[in-house]
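Visitor: Here is my input, please return the structure:
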Amino acid sequence: MFKRLLQISIILALIVVILGAYTRLGDAGLGCPDWPGCYGQITVPDVADGTKLEGYERPVEAAKGWKEMVHRYAASTLGLVILVLFFLALRGKPRYYQSMVLPSFTALFVMLQGAFGMWTVTLLVHPGIVTTHLLGGFITTVLLTWLLLNQGRPMITYRHILKRHKLLLFATLMVLSLQIILGGWTSTNYAALSCGQQFPTCLGSWWPDMDFTRALYWGPLGVDYEYGVLENPARAAIQMMHRIGALVTTALIVSLFYLFKGYTHLKSNLMLIGGLLIVQVTLGILNVLLSLPMAVAVLHNAIALLLLLSIVVLIHKVSRAPT
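Guide: Numbers count the residues shown, from 1 in each chain. The predicted structure follows:
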């Protein structure tokens, strides 16, 4: 039961991340201006669009409200499942031994993630808060995946993994994580189209006018950040940092293929990582050339998570091998 519930929780976590991306990209982060309800109700008020309810400055937009509420319902369900997993682990239900450290941390982390969901709304989609909330969804999925991997049978080791190769693998994970953060920062600052529909150039140049100082601008709390507050040079700098990050991440993953080619038992993992990388880079380019179509943009978020999970699975496989 513990393992099956873990599998369900990972599917739920994927759905929550996808719904979060859909909500964010649909500019629906403030579709419900309060939390946890929507205009003081547990569902979106059944009133005509544009209606201003007493006590709220924002008029009702049902489509945006439902995007936000469906995301909240899914996230709440995931939180409950994770708490059940914690209590099952506490009662010793996992088939294979599982220290309580990871289930306890996951349960606490998902509560913190819920708080960031609240702050996303109450702090008016502050880019730093929204990016942290996005990263929290990825981390939650990684924690659940690691718990599930711990319930698998120990791997038969075919060849000793060199320490320097393990270090490169961990470095790839760190760089990919940073790239995901840059992707979230690009999205939450509405910088995805700051270079126009141009790739690999930006605004007709290989190195356009950019403001890197403002690109990492945190900004005060309490200001409405919907649709962004940065000037285009700062947004272009964010977009270019994300593109450079993509190049570095790609180079590291390609180097993994070269250095890990002798580990035949890892071939299937590497092929999956390579396939996901190709899809992810293609989607990133299409986002720019096609002016951020919703389906492509949401899929770009989902594949980023799957790519991260594929690296995590490989690390788990390598870490269980003898040193």
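
Visitor: Can you tell me the SS state at the residue nearest to the spatial centre of the chain?
Guide: The residue lying closest to the centre of the chain (C-alpha atoms, centre = their mean) is Phe138, at 4.2 Å. Three-state secondary structure (criterion: DSSP: H, G, I helix; E, B strand; the rest coil) places Phe138 in helix.

Visitor: For it, give its distance to Met118.
Guide: Distance of Phe138 to Met118, given as C-beta to C-beta, to the nearest Å: 19 Å. From N, CA and C alone the C-beta is placed, and that goes for glycine too.

Visitor: Same question for Ile181.
Guide: For Ile181, the distance to Met118 - C-beta to C-beta - is 21 Å.

Visitor: and what of His300?
Guide: Taken as C-beta to C-beta, the span from His300 to Met118 is 26 Å.

Visitor: Comparing the two, which shows the higher neighbour count?
Guide: His300 (23 against 15; other C-beta atoms under 10 Å).

Visitor: so what pLDDT did the residue nearest to the residue nearest to the centre of the chain when sequence neighbours are not counted get?
Guide: Once flanking residues are discounted, Phe138 sits nearest to Leu305: 5.7 Å by C-beta to C-beta, 6 or more residues apart in numbering. Leu305 carries a pLDDT value of 98.

Visitor: now swap in Arg243 and tell me
Guide: Arg243 carries a pLDDT value of 97.

Visitor: Can you spell out which helices and strands pack onto the helix or strand hosting it?
Guide: For Arg243, the element it lies in under DSSP states H and E is helix 232-259. Using 3 or more C-beta pairs under 8 Å, 6 or more residues apart in numbering; DSSP states H and E as the contact test, the elements touching helix 232-259 are helix 163-188, helix 212-215, helix 267-289.

Visitor: quick one: buried residues of the longest one?
Guide: Across helix 163-188, burial judged by 16 or more other C-beta atoms under 10 Å covers 165, 168-169, 172-173, 175-177, 179-188.

Visitor: Tell me if I'm right that the residue nearest to Phe138 and Ile15 touch.
Guide: No: using C-beta atoms under 8 Å, Leu305 makes no contact with Ile15, being 11.1 Å away.

Visitor: how much space between Ala251 and Leu168?
Guide: Taking C-beta to C-beta as the measure, Ala251 falls 11 Å from Leu168.

Visitor: Give the buried residues for the helix or strand harbouring Gly20.
Guide: Assessed by DSSP H and E, Gly20 sits inside helix 2-25. Neighbour-count burial for helix 2-25, counted by 16+ other C-beta under 10 Å, picks out 2-3, 5-6, 9-10, 12-25.

Visitor: same deal with stretch 138-154?
Guide: Residues of stretch 138-154 classed as buried: 138-150 (neighbour count, 16+ other C-beta under 10 Å).

Visitor: If you tally nearby residues, what's the number for Val313?
Guide: Around Val313 there are 18 other residues, counting by other C-beta under 10 Å.

Visitor: Contact partners for the residue nearest to Ala191 when sequence neighbours are not counted?
Guide: Once flanking residues are discounted, Ala191 sits nearest to Arg235: 3.7 Å by C-beta to C-beta, 6+ apart. Contact analysis of Arg235 by C-beta atoms under 8 Å, 6 or more residues apart in numbering lists Asn189, Tyr190, Ala191, Ser194, Ala215, Gly228.

Visitor: ok, the fourth one - how many residues close by?
Guide: By the measure other C-beta under 10 Å, the count of residues near Ser194 is 25.

Visitor: Please apply the same query to the second one.
Guide: Neighbouring residues of Tyr190 were enumerated by other C-beta under 10 Å; the total is 19.

Visitor: Now do the same contact list for it.
Guide: So Tyr190 contacts Tyr227, Gly228, Arg235 (C-beta under 8 Å, 6+ apart).

Visitor: Going by distance to Gln98, which of the residues you listed wins?
Guide: Gly228 (43.3 Å; C-beta to C-beta).

Visitor: Quick one: classify that closest one as helix, strand or coil.
Guide: Applying three-state DSSP: Gly228 is coil.

Visitor: same check, this time on Val125
Guide: Following three-state DSSP, Val125 is assigned to coil.

Visitor: mind checking pLDDT for the nearest residue to it once chain neighbours are set aside?
Guide: Excluding the flanking residues, the one nearest Val125 by C-beta to C-beta, 6+ apart is Gly29, at 4.5 Å. pLDDT for Gly29: 94.

Visitor: Distance check, Gly29 against Leu124.
Guide: Applying C-beta to C-beta, the value for Gly29 to Leu124 is 9 Å.

Visitor: do Arg72 as well
Guide: Plainly put, Arg72 is 17 Å away from Leu124 if you go by C-beta to C-beta.
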